[in-house]
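*Asks:* Build me a model from this:
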Amino acid sequence: MSRHLEPRGRRVKVLATLGPASNTESAIAALLAAGADAFRVNMSHGTQAEKAALIAAIRAVEKSAGKPLTILADLQGPKLRVGRFADGGVELVNGAAFRLDRHAAPGDATRVGLPHKELFAALAPGARLLVDDGKLVLRVTAVAPDAIDCRVEVGGRISDNKGVNVPDVVVPLPALTVKDRQDLAFALEHNVDWIALSFVQRPEDVAEARALIGGKAALLAKIEKPAALERLAEILELADAVMVARGDLGVELPPQQVPPAQKRIVAMARSFGKPVVVATQMLESMIVSPSPTRAEVSDVATAIYDGADAVMLSAESAAGKFPVEAVAMMDAIAREVEADPGYFARVHFSDTAAGRTTADAMTSAAAAISRTIGAKAIVCFTISGSTARRAARERAELPVLCLTPRLTTARRMGLVWGVHAVVTRDVAGFEEMVEKAKRSALRTKIGRGGDPLVLIAGVPFSTPGTTNVVHVVRLTGQELVGY
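*Replies:* Got it, this is the predicted structure:
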């Protein structure tokens with residue numbers, strides 16, 4: 001698989017959403033060339049046949065490029081929506097009464113159906129309902145088994161199937177809808193690398209999804225509900241990664257609370273050693289413009305300075321007019337930020353103290369040794385990828401070269417900070433490991449003759465979870481002779 005392609009020269013990863021503007025092999029190859037490291041397949045839109053074709057196109061590009069590519073399948077989750085209106089929609093005025101009920105009849109200016117029976121038991125007077133991404137605000141005045149009476153606090157036009165957010169209560173909805181379960185099974189059958197779980201409210205949601213996934217993919221929990229923020233540590237214990245999903249989070253929280261929430265999620269994820277993705281509206285203006293606003297550039301830069309593992313493009317790359325330019329701009333911002341002499345001081349502002357295991361101690365020691373001797377890379381041999389993730393947690397000022405015999409492990413590294421994954425044959429002994437590390441460092445041009453490397457591995461080999469060796473070697477430049 002791997003041709004030992006050179007690392008991109010930056011640590012943070014770029015996750016690009018695919019859609020109508022980027023659903024062909026040529027378009028995906030162009031996004032890869034522009035700087036995309038991973039690709040998001042949004043299960044909310046389109047048919048499974050269309051998703052199968054999209055996944056096949058990504059794998060075709062992967063084969064052509066000779067580089068492991070990461071696919072994240074994003075489940076829709078239990079999205080709440082109102083029913084339909086007789087005339088497609090109505091105008092609600094401030095102060096008016098409006099009812100949400102369990103009747104299927106088309107709505108009018110006084111009522112509309114709400115086909116989510118769980119809400120009727122969960123809500124109480126005083127709770128807010130935010131409609132159409134918060135453009136309309138309804139305040140609950142009374143609740144009956146089949147009706148929710150509201151007062152319109154912020155009016156506007158409400159139309160068919162608009163989304164409803166409920167920020168003030170934990171809604172007893174299942175984490176996975178029937179559609180989600182079908183999409184999850186489909187995604188696993190097509191060997192995606194990550195599953196994104198939407199609208200997580202509690203750790204039990206993550207546990208349920210993890211049980212269904214059964215180790216066939218890594219699990220990313222999207223933090224977009226206030227309830228998830230309250231139990232963030234428990235969710236991080238169970239998830240493999242988290243996403244700061246600022247779309248719905250920005251609806252359910254007052255806008256001024258989103259930046260502190262983002263900082264908190266990123267810092268806590270880093271303290272747990274779990275990858276964290278920052279997403280939504282990062283370069284929103286590039287949906288229709290070839291260049292971003294200065295505020296958007298600053299927003300992306302802030303996430304990178306905070307040490308996020310990946311930054312994500314949504315509609316910019318999926319449906320915008322300038323998908324390649326959006327990815328190239330994200331790449332350019334990342335390179336400029338990481339070239340800042342103060343970058344690593346800012347990245348290390350968050351406390352990421354190592355855990356108490358031998359593997360944690362080894363990777364922490366490797367990072368310290370690499371700084372002392374001026375190593376060019378940390379090279380790790382790993383079956384499951386846990387050693388590479390631990391090395392990334394240290395945020396060392398040098399690349400992490402991940403050598404693994406498992407293609408699935410290499411593909412998952414596309415969301416992990418600073419890791420360049422290479423698929424290689426397994427090693428049987430220590431000397432073979434050393435020689436393979438040297439050759440890979442030279443072939444990827446991470447190092448040259450005379451450069452030191454720090455190696456991390458586990459003995460006995462081919463046994464996951466046995467990281468117990470740190471070894472320093474020096475390249476001679478002759479390792480590729482006759483190879």
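
*Asks:* OK, contacts around the residue lying closest to N42 once chain neighbours are set aside?
*Replies:* Take N42 and drop its neighbours on the chain: the residue closest to it by C-beta to C-beta, 6 or more residues apart in numbering is D74, 5.1 Å away. To be clear about C-beta, it is placed using only N, CA and C from the backbone, and glycine gets the same treatment. Shown in contact with D74 (C-beta atoms under 8 Å, 6 or more residues apart in numbering): R40, V41, N42, M43, S44, A196, S198, K222.

*Asks:* if we go to 10 Å?
*Replies:* 17, 40-44, 183, 187, 192, 194-198, 220, 222, 243, 245, 279, 312, 314 (C-beta atoms under 10 Å, 6 or more residues apart in numbering).

*Asks:* again, but for E325
*Replies:* A34, L283, M286, S289, P290, S291, P292, E316, S317.

*Asks:* pLDDT of the helix or strand containing the last one, averaged?
*Replies:* Yep, that's S317 we're talking about. If you go by DSSP states H and E, S317 is part of helix 315-318. Mean pLDDT, helix 315-318: 97.

*Asks:* Does anything pack onto that helix? Which helices or strands?
*Replies:* For helix 315-318, the elements it packs on are strand 13-18, helix 25-34, strand 38-42, helix 323-339, judged by 3 or more C-beta pairs under 10 Å, 6 or more residues apart in numbering; DSSP states H and E.

*Asks:* which parts of stretch 417-432 are buried?
*Replies:* For stretch 417-432, a neighbour-count test (16 or more other C-beta atoms under 10 Å) marks W417, G418, V419, H420, A421, V422, V423, T424, V427 as buried.

*Asks:* If you could redo that for stretch 271-278, that was the one I meant.
*Replies:* Residues of stretch 271-278 classed as buried by neighbour count (16+ other C-beta under 10 Å): F272, G273, K274, P275, V276, V277, V278.

*Asks:* any chance of those residues in CSV, plus distance to L69?
*Replies:* Listed next are the buried residues of stretch 271-278 as CSV, based on distance: C-beta to C-beta, whole Å:
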residue, distance to L69
F272, 26
G273, 24
K274, 21
P275, 16
V276, 20
V277, 16
V278, 21
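
*Asks:* returning to that earlier point: please pick the buried ones from the contacts of D74.
*Replies:* Buried members of the contacts of D74, counted by 16+ other C-beta under 10 Å: 17, 40-43, 183, 187, 192, 194-198, 220, 222, 243, 245, 279, 312, 314.

*Asks:* In strands, which of the residues you listed fall?
*Replies:* Members of these lying in strands (criterion: DSSP state E): 17, 40-42, 194-197, 220, 222, 243, 245, 279, 312.

*Asks:* didn't A227 look like it was pressed against P172?
*Replies:* No - with contacts defined as C-beta atoms under 10 Å, A227 does not count as touching P172, sitting 11.2 Å away.

*Asks:* the more surrounded of these two?
*Replies:* Between A227 and P172, A227 has the larger neighbour count (other C-beta atoms under 10 Å), namely 19 against 10.

*Asks:* Assign a three-state SS to that one, would you?
*Replies:* helix (DSSP: H, G, I helix; E, B strand; the rest coil).

*Asks:* roughly how far apart are it and Q201?
*Replies:* Look at A227 and Q201: by C-beta to C-beta, to the nearest Å, they are 4 Å apart.

*Asks:* do V324 as well
*Replies:* From V324 to Q201 the distance is 37 Å (C-beta to C-beta).

*Asks:* With W417 instead?
*Replies:* 27 Å.

*Asks:* can you pull the contacts of the nearest residue to P68 once chain neighbours are set aside?
*Replies:* In space, and not counting its chain neighbours, P68 is closest to A410: 4.0 Å by C-beta to C-beta, 6+ apart. When contacts are counted by C-beta under 10 Å, 6+ apart, A410 touches 1-2, 67-70, 193, 382, 385, 388, 402-404, 419-424.

*Asks:* Okay, strands next: where are they in the stretch 351-483 of the chain?
*Replies:* For the stretch 351-483 of the chain, strands defined by DSSP state E, counting those that start in this stretch occupy the ranges 377-381, 400-404, 419-423, 452-458, 467-474.

*Asks:* Nearest to I148, out of these?
*Replies:* Nearest to I148 among those is strand 419-423 (48.3 Å), distances taken as C-beta to C-beta.

*Asks:* helices or strands up against the closest one?
*Replies:* strand 377-381, helix 386-393, strand 400-404, helix 407-412, helix 430-443.

*Asks:* would TSV of those with distance to A109 and mean pLDDT be doable?
*Replies:* Below are those laid out as TSV (distance: least, C-beta to C-beta, whole Å; pLDDT from 0 to 100):
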stretch	distance to A109	mean pLDDT
strand 377-381	63	94
helix 386-393	54	92
strand 400-404	59	95
helix 407-412	51	97
helix 430-443	67	90
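
*Asks:* of the ones you listed, which approaches E25 most closely?
*Replies:* Per C-beta to C-beta, nearest to E25 of the helices and strands packed on strand 419-423: helix 407-412, 17.8 Å.

*Asks:* Touching, S317 and A36? I think so.
*Replies:* Yes - between S317 and A36 a contact is recorded at 7.6 Å, counting by C-beta under 10 Å.

*Asks:* Common neighbours of these two, please.
*Replies:* With C-beta under 10 Å, 6+ apart as the test, S317 and A36 both reach V14, L15, A16, T17, L18, S22, P323, V324, A326, V327, M330.

*Asks:* ok, and the most crowded of these?
*Replies:* Neighbour tally across the shared contacts of S317 and A36 (other C-beta under 10 Å): the maximum, 35 neighbours, falls on A326.
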